[in-house]
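Trainee: I need the structure of the sequence given here:
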Amino acid sequence: RQEPSMVHYDYLVLGAGTAGCLVASRLCSAGHSVALLERGAPRSEQDELYSRAYRLAFDSWNRLNLSKQITGMNNNLVGANGQPGRNVTFYDGANLGGSSAINSQQMVIPVNGTIEEWGIEGLDTDTAFDHFATIYDELKVIPYPSSLLPDYTQETKDAILASVDGIEFLDHPIHGSDREQLIISPTPITEGGERIDSCAAFLKPVIDSTCANTLNLIQSATVTKILVEDHQATGVEYVDSGDSHMQNKKYLYGDEVISCMGAFGSPKVLQLSGIGPRDLLDEHGIPIVVDLPVGMQTLARPSVGIIGFYTGVPLDSVQNVTDIFSVASITQFQEGRGGPLGKSNVPLMTLLGRKGYVDTGLAAPTEGHPFTGLPAQGSFCLLNSTAPGSIKIADANPFSTVEFDSNLLGNDKDFQDMVDCISRFRPVYQNFPPEFGMIELGPGATLSVAEWVSTTADTVYHVVGGNAVGKVVDSELRVMGVDKLRIIDVSVLPQLTAGGGPIASVYMLASYMSEKILGETATGKSKKGKKKKYKSKSKATMKSKKGKEKEGRKSVRSRSKDKGY
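Mentor: Below is the predicted model:
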């Protein structure tokens, strides 16, 4: 961690997560002074292992230095008491790399034509493919290495194809297609099973080289509000993340403020800054700057699984907790040779076009889960939702957790879509080879599919829409009514990404908007302040990428043939 050696920058980037690391690296590499503020503290050696080892991705969610828990309220789901109303836990990345350092990193490009529906100026399917191609190269996206797949991946794949009509297995996914495809998840990962997150891919290569004099990374910095004067963002107020009583407030100023604080963080900081629904701000005594529906139209992706249990074959090595944490396993992983720690939790994805997708496999967290160390399998329907929820500050304290109405399966359409998906994939666990002795634990014989959905529905933690285009930000992602303030993260998406999770789209959006901002600066559309130089104390290695040529949709597909994207 380092203190800022100057107080005014060309750009203040809030949040060193999936989007923030990329945006900051692009801007500072072009010679602009950038302060990048991240609430998370530097990772410990153990946290680093949990973040880097793919097998421990699910475990990383519960590590306080890597993520934060947020409770989602759902009045329509049935609780343990049989009564309506059940809370579901969501996770929010809180370290360098953000959620890209703890999630499954399934890099799937959205269905063709859906990107145009986001309403972002100049961004269409073809333009997006240019940026996807660049991002895939920089992240080194590959299909999950075969040596690190769970032992029974082939049998699981065969069971899906034998059970679900209309699905075809493709070694190389057809990007952007609405065809129903069964694929091995394309992932930013090394051959040894080490995750490549946004910080590793974009920040580390430049921070001590290209950006040594232009980028200041400030960790353990909680932004308490954005400073606005005469409807123009001028800077930020922040405190050390351990200073919950805010006794030592600090200030930084910039020519433009860019929030990349994510699904929960960006709506929260806007509301704390007086940008949000008037009634909410009045309730908490926050002076209003602009009355906007910040946080009022969120969409969260629900998850429901079919669970199987096998007893006739040995325990899959990906589920053997004893082996995972053996000295030999840790040494093997740290030497870049894969092993149990590099194995995939959920390698198989069935892409269902605009409906969503299904993850198959189940390597539960290594502790504290009902299926830890047990021979369980699962297919999880992860569907796009249409029932809106909301994110609201609980009070005026920046350290308070937001109130989140996730409203999972909150209307008849979403509920029926989930029932249909579970019904469609349920035969998978009847089509394993007989020697597996596979039985279905859930839904099972005692509950209908509808009852199973209502009582077990959870989430895959994807949330969009808190700062949706056309409602909170304009088509260039500028906050309406406030100059020099943009949002570049998943919260601006007005709908869940079609065909897969949002991580690839967030990377693409960050790349596209960085290019757009640099173009504005070059043409004088966005006034740039005088650059000031300073020394960075952060440690990293040089790996500068220059002269990247754009490649369109055809090129991405040709690369998919070569590299398995």
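
Trainee: Output the lowest mean pLDDT helix or strand found in this protein.
Mentor: When the helices and strands of the chain are compared on mean pLDDT, DSSP states H and E, helix 553-563 comes out lowest with a mean of 35.

Trainee: Can you point out the buried residues in stretch 89-104?
Mentor: 90-104 (16 or more other C-beta atoms under 10 Å). All C-beta atoms are positioned from the backbone trio N, CA, C, and that covers glycine.

Trainee: Tell me which two in those are the farthest apart.
Mentor: Across the buried residues of stretch 89-104, the two members that end up farthest from each other (C-beta to C-beta) are F90 and L96, 20.3 Å apart.

Trainee: And what about L227, helix, strand or coil?
Mentor: Three-state secondary structure (criterion: DSSP: H, G, I helix; E, B strand; the rest coil) places L227 in strand.

Trainee: That one contacts T234, doesn't it?
Mentor: Yes - checked against C-beta atoms under 8 Å, the pair L227 and T234 is within contact range at 5.0 Å.

Trainee: List the residues that are in contact with both of those two.
Mentor: Shared contacts of L227 and T234 (C-beta atoms under 8 Å, 6 or more residues apart in numbering): Y253.

Trainee: Between the two, tell me which one has more neighbours.
Mentor: Set L227 next to T234 and count neighbours by other C-beta atoms under 10 Å: T234 wins out with 21 against 17.

Trainee: Surely that one touches Y251?
Mentor: No - in this structure T234 lies outside contact range of Y251 using C-beta under 8 Å: 9.7 Å.

Trainee: Overlap in contacts, these two.
Mentor: With C-beta under 8 Å, 6+ apart, T234 and Y251 have common neighbours L227.

Trainee: For the helix or strand hosting Q416, give the mean pLDDT please.
Mentor: In this structure, Q416 is located in helix 412-425 according to DSSP states H and E. Taken as a whole, helix 412-425 has a mean pLDDT of 98.

Trainee: Next: stretch 466-484.
Mentor: Throughout stretch 466-484, pLDDT has a mean value of 98.

Trainee: swap in stretch 447-456?
Mentor: What stretch 447-456 shows for mean pLDDT is 96.

Trainee: quick one: low-confidence ranges for the stretch 1-150 of the chain?
Mentor: Low-confidence segments of the stretch 1-150 of the chain, defined by pLDDT under 70: 1-6.

Trainee: Now do the helices in it.
Mentor: Here the stretch 1-150 of the chain has its helices, by DSSP state H, counting those that start in this stretch, at 18-29, 45-52, 57-60, 125-139.

Trainee: Please indicate which of those has the most neighbours on average?
Mentor: With neighbours defined as mean count of other C-beta atoms under 10 Å, those peak in mean count at helix 18-29, which reaches a mean of 29.

Trainee: Report the inter-axis angle for that one versus helix 125-139.
Mentor: Interaxial angle of helix 18-29 relative to helix 125-139 (axes from the mean of the first three to the mean of the last three C-alpha atoms, to 10 degrees): 80 degrees.

Trainee: helices or strands next to helix 18-29 in the packing?
Mentor: Packing partners of helix 18-29 (3 or more C-beta pairs under 8 Å, 6 or more residues apart in numbering; DSSP states H and E): strand 8-14, strand 34-37, helix 198, helix 204-207, strand 215-218, helix 503-523.

Trainee: Just the strands from the stretch 401-550 of the chain, written as ranges.
Mentor: Using DSSP state E, counting those that start in this stretch, the strands found in the stretch 401-550 of the chain span residues 403-405, 439-442, 458-464, 485-487.

Trainee: The first one pairs with which strands, and in what direction?
Mentor: Strand pairing for strand 403-405, determined by DSSP bridges: strand 67-78 (parallel), strand 390-392 (antiparallel).

Trainee: So what's the gap between the shortest one and the chain middle?
Mentor: Meaning strand 390-392. Mean C-alpha position of strand 390-392 versus that of the full chain (C-alpha atoms, centre = their mean, to the nearest Å) differs by 18 Å.
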